[in-house]
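>>> A predicted structure for the sequence below; I have some questions about it.
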Amino acid sequence: MSRFIRIAGPALVPLVAIVSMFGALFYGDGAAAPLLADPGEVVRLGLPTAKLLVNFGAAGTIGALVLACFALSSRYDEFGAALDFAAAAAAVLTFASALTGLFTFLNISNVPLSFGQGFGDKLGLFLTQFEAGQAWLITTLIAAVVTVLCFAVRNQTALAFVTVFAAASLLPMAQQGHAAGTVGHDAAITSLGLHLVFAAIWLGGLLTIMIVRRSLTPDRLTLVLSRYSTLALVSFIVIAASGYVSAELRIGTWPNVLSSYGVLVMIKIAVLVMLGICGFFQRRYFVRRIGQRHIEPRSAFWWLIAVELAFMGIAFGVAAALARTTTPVAQTLGQTPTAAEILTGEPLPPELTIERYLTEWRFDLVWLLICGFGIVFYLAGVRRMRKRGDAWPLRRTVLWVLGMIVLFFVTNGAVNVYQKYLFSAHMLAHMTLSMMVPIFLVSGAPVTLALRTSTKRKDGSRGGHEWILCAINSRFARIVSNPIVAAVLFVGSLWIFYYSPIFAWATKDHLGHQWMIVHFLIVGYLFVQSLIGVDPVPFRLPYPFRLLLLLGTMAFHAFFGLALMSGSALLLADWYGAMGRPWGPSAIMDQQTGGGIAWSVGEIPTVILAVVVVIMWSRSDAKETRRLDRQEFRTGEAELNSYNAALARLEKKDR
């Protein structure tokens, strides 16, 4: 029976998904004909079916690539089998994306399908000029490239970039989801994007294990399953959090739970709970017992996998139907939106006060999860060190946790609420992300902790330890971690960012906003690491030169702030100048205030860095003095005696 499950298991997922999708479509009227411009039953049913195939293709591709990067070894046949499966799944993704693009065109335009030149011209115009068409064209092209790369690339480092590129194919889909361009669009894009990526890792990883099962010995199966279960646990947490955000945006109030959309969401939640139970038994019971060989892998374990795949199929099918079901909360702006609502997709918040700096929140799920996982994993590493008897300074733990708390507040608190409307709030976020947060994070020495607590692998696969070593020893890391290069990036990117179209992209586009946060954190981290870091780097400047580098860099930084304070030209006139705020200073005065923040508030971390560098310099000198004293004690002041003897010889020669 286990042989039948292993063969039929992968086919069970799409079968269950299709059945549950059609059932959910008819229950929620997602397949009902519209009153106007009905594209036909083939299109109404074909579009969600094609999107379901897209989801399965993406899951197989991303899940297999992630497993190849983090769980499988290139020394064994399992590695090649997983990449072959990834290539086949990417081919399915390519075909399904192209088919979805065609059905989307037919659904929007209501043009009958034909093979004439006129139809082709209209389809080409849709794919190149309209946002929905461009999204599916980009997804199709990325999937086609990934298909080729999965066949051609076998280097593990290169595969990491292929995996990131494959995950990028889901970004256009996330931007086309419910509320992607209306009220709550930032939260909707974030939640849907996270949901798609981690669902793909969860389902795709499990399917990959079933596909490569024949290449795994029982010992290898235990290792791969234990590594996959960690990925599945993280995926479960992210999917649950992103699913809650999506449901809150689309359902709104408790009475709406009884709507068709709400009932389907409840079914999906129930399925997620069952998947969590299956994952718990898989992680706590079966994986451990397979490793101890109390049970055969061909027994109850494969039945559990089959049940888990069936539930995943239900979840994927219901999710595909939900995309076609009308939400109880309207996903559009009001009839008379304000200028702020048109620009940002959100209502204008109340006037910013000191009290509202502590009470206003707009949660960003990405950074909420990053901060949460960052604290949990760091504390887990400290606990692991102490369990084995090693010491870890308490101040490093405290500084790391403080850094994560500050990062959480900047990305989720009042600064995140108002930075779309006030340039000064944006500049405060910039200064905090690039100068204050890195001081805390660098002082926590996360790389050192990770290297000392992560397990070294001996089977040729790459875990956290191996990927960290690969990153810090790469040529790119050696270049960007050079103190001079880090300082140039820190100062140069400041001017380039604000005086180029990048600023507009980062302000108006949610993806650009996320890139901006990552960029500020990285360049700030590299600069602070070059000054006070304790993590391993290829090269460090002597302490006097560190102070000179800090003072020179901050001079350019202060000059940037003064330029904004004295400037009379608005940087984003079509954004900050068109916001229509009835409260607060004018746009140009607010921009000048932002320049003052860059000049004054930015100097506080400078003073802190200078003090820390001086303290480290003093401790280094004291440590060197103690070392020399110990050496003189051991050698009986041989070096001093030799020096005095040399002076005596010179004096005798002079006489």
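Looks like it came in fine. Residues are numbered from 1 along each chain as shown.

>>> Which is the succeeding secondary structure element to the helix or strand bottoming out on mean pLDDT in the chain?
Taking mean pLDDT, DSSP states H and E as the measure, the chain has helix 287-292 as its least confident helix or strand, at a mean of 59. Using DSSP states H and E, the helix or strand that follows helix 287-292 in sequence is helix 300-322.

>>> Now that following helix: buried residues?
301-302, 304-322 (16 or more other C-beta atoms under 10 Å). (C-beta placed from N, C-alpha, C; glycine too.)

>>> ditto for stretch 576-596
Residues of stretch 576-596 classed as buried by neighbour count (16+ other C-beta under 10 Å): 576, 579, 581, 584, 587-588, 590-596.

>>> Contacts for it next, please.
338-340, 343, 348, 350-352, 421-424, 426-428, 560-568, 570-571, 573 (C-beta atoms under 8 Å, 6 or more residues apart in numbering).

>>> re the thing from before, and the buried residues of stretch 576-596, which two are furthest apart?
The distance between the two most remote of the buried residues of stretch 576-596 (C-beta to C-beta) is 20.1 Å, for M579 and G596.

>>> Tell me the buried residues in stretch 552-561?
Within stretch 552-561, the residues scored as buried using 16+ other C-beta under 10 Å are 553-554, 557-558, 560-561.

>>> Pull stretch 500-520 out as CSV, backbone CA atoms only.
C-alpha atoms of stretch 500-520 as CSV (Å, rounded to 0.1, in the frame of the first residue of the first chain):
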residue,chain,number,x,y,z
SER,A,500,17.3,60.3,-8.7
PRO,A,501,14.0,58.5,-9.7
ILE,A,502,14.8,55.9,-7.1
PHE,A,503,13.3,58.1,-4.4
ALA,A,504,10.0,58.4,-6.3
TRP,A,505,9.9,54.6,-6.8
ALA,A,506,10.6,53.9,-3.1
THR,A,507,7.9,56.3,-2.0
LYS,A,508,5.1,55.4,-4.4
ASP,A,509,5.6,51.7,-4.9
HIS,A,510,5.3,49.2,-2.0
LEU,A,511,8.1,47.0,-3.5
GLY,A,512,10.3,50.0,-3.7
HIS,A,513,9.5,50.9,-0.1
GLN,A,514,10.6,47.4,1.0
TRP,A,515,13.8,47.7,-1.0
MET,A,516,14.5,51.1,0.6
ILE,A,517,14.3,49.6,4.1
VAL,A,518,16.6,46.7,3.2
HIS,A,519,19.1,49.1,1.5
PHE,A,520,19.3,51.5,4.4
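
>>> With secondary structure added, can I get the buried residues of stretch 552-561 in CSV?
Output for the buried residues of stretch 552-561, formatted as CSV (DSSP: H, G, I helix; E, B strand; the rest coil):
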residue, secondary structure
T553, helix
M554, helix
H557, helix
A558, helix
F560, helix
G561, helix
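
>>> in the stretch 101-250 of the chain, what spans have low per-residue confidence?
The stretch 101-250 of the chain contains residues with pLDDT under 70 at 177-184.

>>> List the contacts of C69.
Neighbour list for C69: 156, 159-160, 163, 462 [criterion: C-beta under 8 Å, 6+ apart].

>>> how does it look with 6 Å?
Applying C-beta atoms under 6 Å, 6 or more residues apart in numbering to C69 gives the contacts 159-160, 163.

>>> what secondary structure does it sit in?
From three-state DSSP, the assignment for C69 is helix.

>>> Give me the pLDDT for it.
What the model reports as pLDDT for C69 is 93.

>>> Next: the one 3 residues further on.
Looking at L72, its pLDDT reads 92.

>>> Helix, strand, or coil at it?
Relying on three-state DSSP, one would call L72 coil.

>>> What segments of the stretch 201-350 of the chain are strands?
Counting by DSSP state E, counting those that start in this stretch, the stretch 201-350 of the chain forms no strands at all.

>>> if we can go back for a sec, now that we have the contacts of C69, which of them are buried?
With burial judged by 16+ other C-beta under 10 Å, the buried subset of the contacts of C69 is 159-160, 163.

>>> so which of the residues you listed comes closest to F105?
Looking across the buried ones among the contacts of C69 and measuring by C-beta to C-beta, the closest to F105 is T163, at 30.2 Å.

>>> for that closest one, what are its contacts?
T163 neighbours (C-beta under 6 Å, 6+ apart): 65-66, 69.

>>> Okay, and V415 sits in which element?
V415 belongs to helix 414-418, assigned by DSSP H and E.

>>> ok, back up a step: can you flag which of the buried ones among the contacts of C69 belong to helices?
Among those, DSSP state H puts 159-160, 163 in helices.

>>> Can you add distance to K508 and give those back as CSV?
Output for these, formatted as CSV (distance: C-beta to C-beta, whole Å):
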residue, distance to K508
L159, 34
A160, 30
T163, 29
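
>>> tell me the SS of the spatially closest residue to F105 that is not a sequence neighbour?
Excluding its sequence neighbours, the residue lying closest to F105 (C-beta to C-beta, 6 or more residues apart in numbering) is F126, at 4.8 Å. Assigned with three-state DSSP, F126 falls in the helix class.

>>> Domain ranges for this structure, per the record?
Segmentation of the chain into domains, based on automatic domain parsing, reads 2-322, 357-631.

>>> Give me the neighbour count for the nearest residue to T128 once chain neighbours are set aside.
Distance criterion C-beta to C-beta, 6+ apart; nearest residue to T128, sequence neighbours excluded, is Q134 at 6.8 Å. Q134 has 16 neighbouring residues, counting by other C-beta atoms under 10 Å.

>>> so which helix or strand takes in Q134?
Using DSSP H and E, Q134 maps to helix 131-152.

>>> what's the distance between that helix and the middle of its chain?
How far helix 131-152 lies from its chain's middle: 20 Å, per C-alpha atoms, centre = their mean, to the nearest Å.

>>> Counting neighbours, what do you get for A504?
Quick note: A504 (other C-beta under 10 Å) scores 14 neighbours.

>>> before we move on, the earlier item: list of residues touching the helix holding V415?
349, 352, 356-357, 360, 362, 425, 428-429.

>>> Next secondary structure element downstream of that helix?
Assignment by DSSP H and E places the next element after helix 414-418 at helix 423-431.

>>> what comes into contact with that next one?
Against helix 423-431 from outside (C-beta under 6 Å, 6+ apart): 410, 415, 418-419, 520, 576, 590-591, 593-594, 597-598, 601-602.

>>> Reformat those as TSV; add secondary structure, pLDDT and distance to L609.
Converted to TSV, those look like this (DSSP: H, G, I helix; E, B strand; the rest coil; pLDDT from 0 to 100; distance: C-beta to C-beta, whole Å):
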residue	secondary structure	pLDDT	distance to L609
V410	helix	94	19
V415	helix	92	22
Y418	helix	92	27
Q419	coil	91	25
F520	helix	94	16
Y576	coil	91	31
D590	helix	92	28
Q591	helix	92	27
T593	helix	92	24
G594	helix	91	22
I597	helix	89	18
A598	helix	87	16
V601	helix	75	14
G602	coil	71	11
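
>>> In terms of pLDDT, where does the residue nearest the centre of the chain sit?
In the chain, the centroid-proximal residue (C-alpha atoms, centre = their mean) is V366; its distance is 6.6 Å. Listed pLDDT for V366 reads 94.
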